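*Asks:* With the sequence up front, the predicted model follows.
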Amino acid sequence: MNFLAAKEMDGRLFAGERLLVMVGLLGIVLAAIVALYIGFNGAAVLPEGDLESAFSFDAALGVFILSIAAILPLSGFASRKRAMIRWVFIIGALYSYAVETIQHLRGINPRYTQVGTIADSIFGYLFALESLVFIVFTVLLAIPFFRKDRPVTRPLLVLGIRYAFVSTMVAFAGGLWMIALMGRYTGDAGNLIVLHGLSFHALQALPLIGWLLERARTDGKLARRWIHAGSIAWTMSILLISIQTGLGQTMFELTALPALTGVMLLVWLAVAVVSVRRLLKSTGGASLCNLLKDRGLSR
């Protein structure tokens, strides 16, 4: 590993990724604009448009891009490979925002249109291709976090990131499942968007625990136990959702699998609350600004 890669691996969250952050924030801004439009005009745009889908997609993709921007500086990639990954996500996100939002505003289903032109169908095929590109480059980004031969200067945060990538792969599998079905529903009442969405949120939920315990200066062995507990609980919830959805059943019913899923998520929440309390106790009432200031490279 060269010096530059080693230096970047020790970096702050978001360090050097201002443009990627701006693209992520753009998705959230677009979602807010779409929500405002829905408030005045409703979500349905004939013949196929559904602006609620545009709202949720833009917001979700924006949060995903922000998550990538946060962890990319910790990957250890040299500047050229890091720039390649950055621009793939930037270009892909901008294309996805445009197709999802504009097509729904035009009343066209951006993925599976039945009334659009040949050009609309091509845009949809490119949309699906872009999803595959995101999968490939997310896997490339994940690989260095699992390498045993690389030094890890922020082991608690990286441990949470490793678990998060496991859930992210399940999210991508759910996305491919939806592409194969040409929709989000399976069986009598299964909804793949629940699996898809919650799996992606692991990119925020699981590194958060590592970051909190790192900032709280928790004993390494104890902190790893807490991270394992919260992350395994989250991962088990994803597994249970996968089974319930595969059976074609909704997650919003009072049966065994949804109930166990709720218990697992409560375990994660309990670990997160404990981590926050340890941080607040260790900082002795430090300001919110100081709590959020991530340490790493000052350059």
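*Replies:* Arrived safely, thanks for sending.
*Asks:* Quick check: nearest residue in space to residue 196, chain neighbours excluded?
*Replies:* Of all residues not flanking residue 196 in the chain, residue 174 sits nearest, at 3.9 Å (C-beta to C-beta, 6 or more residues apart in numbering). No exception for glycine: its C-beta is placed from N, CA and C like everyone else's.
*Asks:* tell me what the helix or strand harbouring that neighbour is packed against?
*Replies:* According to DSSP states H and E, residue 174 maps onto helix 155-181. On a contact count with 3 or more C-beta pairs under 8 Å, 6 or more residues apart in numbering; DSSP states H and E, helix 155-181 meets helix 118-146, helix 192-200, helix 202-215, helix 220-246.
*Asks:* From the chain's centre, how far out is the second one? Work that out for me.
*Replies:* What it means is helix 192-200. 10 Å (C-alpha atoms, centre = their mean, to the nearest Å).
*Asks:* Over to the longest one?
*Replies:* Here helix 118-146 shows a centroid-to-chain-centroid distance of 14 Å under the convention C-alpha atoms, centre = their mean.
*Asks:* for the record, mean pLDDT for that helix?
*Replies:* Regarding helix 118-146, the rounded mean pLDDT is 94.
*Asks:* buried residues in it?
*Replies:* 120, 123-124, 127, 130-131, 134-135, 137-138, 141-142, 144-145 (16 or more other C-beta atoms under 10 Å).
*Asks:* Using JSON lines, lay out those together with distance to residue 51.
*Replies:* Listed next are the buried residues of helix 118-146 as JSON lines, based on distance: C-beta to C-beta, whole Å:
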{"residue": "120", "distance to residue 51": "17"}
{"residue": "123", "distance to residue 51": "17"}
{"residue": "124", "distance to residue 51": "17"}
{"residue": "127", "distance to residue 51": "17"}
{"residue": "130", "distance to residue 51": "21"}
{"residue": "131", "distance to residue 51": "21"}
{"residue": "134", "distance to residue 51": "23"}
{"residue": "135", "distance to residue 51": "26"}
{"residue": "137", "distance to residue 51": "29"}
{"residue": "138", "distance to residue 51": "27"}
{"residue": "141", "distance to residue 51": "31"}
{"residue": "142", "distance to residue 51": "33"}
{"residue": "144", "distance to residue 51": "39"}
{"residue": "145", "distance to residue 51": "36"}
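*Asks:* if we can go back for a sec, thinking the residue nearest to residue 196 is in contact with residue 195, fair?
*Replies:* Yes - here residue 174 lies in contact with residue 195, judged by C-beta atoms under 8 Å, at a distance of 4.5 Å.
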